[in-house]
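In: this one's structure only:
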């Protein structure tokens, strides 16, 4: 009797950043298309690791905590060198991938950065003729964690109106719109008839409390606080409860877009045309909207963002008279 063929075994080394993990998440589905039945091990940073908890084909997630002298790469090598890999994919372009025995390897390098958007670069890397759309795999655990935070606050506030999710933080210098302007934006939206009865939900990690505070305080009893309330998959499940999302150029912005939420990304001195949210239900607003030119994010006015939020609403929720 012939032996049962062994399932292909794949190592996918992805980013330690939430946004980059989301942008490259389409690789998971593509692995399954190229190698049906593949058993995938994902190596990722600790913040984005929960994304892969129920991703299709993923049987193991290795958390990479950065160490001095690149010690995290040595730790990973020790965990994977003894396996007979059929495919190694490394979007971080690390030297480690050339030290792991495998039948085939796909390693990202900066020569791919020729003005294409990152989703398109990753797709070409995998040999896909069509873009590999990012995806978030929510599970019952994440949805339950989000509901445990959101539902009691909905019940305590004035009604169960639609939710506008906000991400007032970005962890790279120059990407965060000033905190007080988030408060001003919420005040403007609360007075706008289109947002009558809406709730305002800042989302972020434990360290994002200061930039989220003005929006929370301004929203008052119409606020839903989801700052530091769960891991990234729970935050994604919270965003999935929202009708609209507005946020800085951040990982949460990419999460919202991948979930299909109508998404507005705020940009300062970075390439919005390259790093904006991916998908047909997304928009960007920038401090300088001439491609190739830049201005500090502080030059982005409340009026400009307010108008962009109204346009997002009218495009995906309904016009002013709806």
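Out: The structure has been received and is ready for your questions. What you see is a predicted model; the values in this text were computed from it and never measured.

In: what residues are up against residue 265?
Out: Residues in contact with residue 265 (Cβ atoms under 8 Å, 6 or more residues apart in numbering) are 247, 248, 249, 253, 257, 272, 276, 277, 282, 283, 284, 285. Heads up, the C-betas are built off the backbone N, CA and C, glycines and all.

In: Burial check on the fifth one, number of neighbours?
Out: By the measure other Cβ atoms under 10 Å, the count of residues near residue 257 is 28.

In: Now it: which helix or strand?
Out: Element membership of residue 257, judged by DSSP states H and E, is helix 251-258.

In: And that helix, what does it pack against?
Out: Identification of packing neighbours for helix 251-258 by 3 or more Cβ pairs under 8 Å, 6 or more residues apart in numbering; DSSP states H and E yields helix 18-23, strand 163-167, helix 232-240, strand 244-248, strand 263-267.

In: Rebuild the ones you listed as TSV, extending it with mean pLDDT and distance to residue 156.
Out: What follows is the helices and strands packed on helix 251-258, written out as TSV (pLDDT from 0 to 100; distance: least, Cβ to Cβ, whole Å):
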stretch	mean pLDDT	distance to residue 156
helix 18-23	96	30
strand 163-167	98	14
helix 232-240	98	16
strand 244-248	98	22
strand 263-267	97	27
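
In: Pipe those into TSV and attach distance to residue 209 per row.
Out: Output for the helices and strands packed on helix 251-258, formatted as TSV (distance: least, Cβ to Cβ, whole Å):
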stretch	distance to residue 209
helix 18-23	18
strand 163-167	13
helix 232-240	14
strand 244-248	15
strand 263-267	19
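
In: Where do the helices of the chain begin and end?
Out: Applying DSSP state H to the chain gives helices spanning 18-23, 26-34, 71-80, 118-125, 140-156, 179-190, 209-219, 232-240, 251-258, 272-275, 302-316.

In: circling back to that earlier point, how far does the helix holding residue 257 sit from the chain's center?
Out: 3 Å (Cα atoms, centre = their mean, to the nearest Å).

In: who touches it?
Out: Here helix 251-258 has contacts from 17-19, 21-23, 25, 47-48, 133-136, 165, 167, 203-204, 232, 235-236, 239, 242, 245, 247, 263, 265, 277-279, 281-282, using Cβ under 8 Å, 6+ apart.

In: Many thanks, have a good one.
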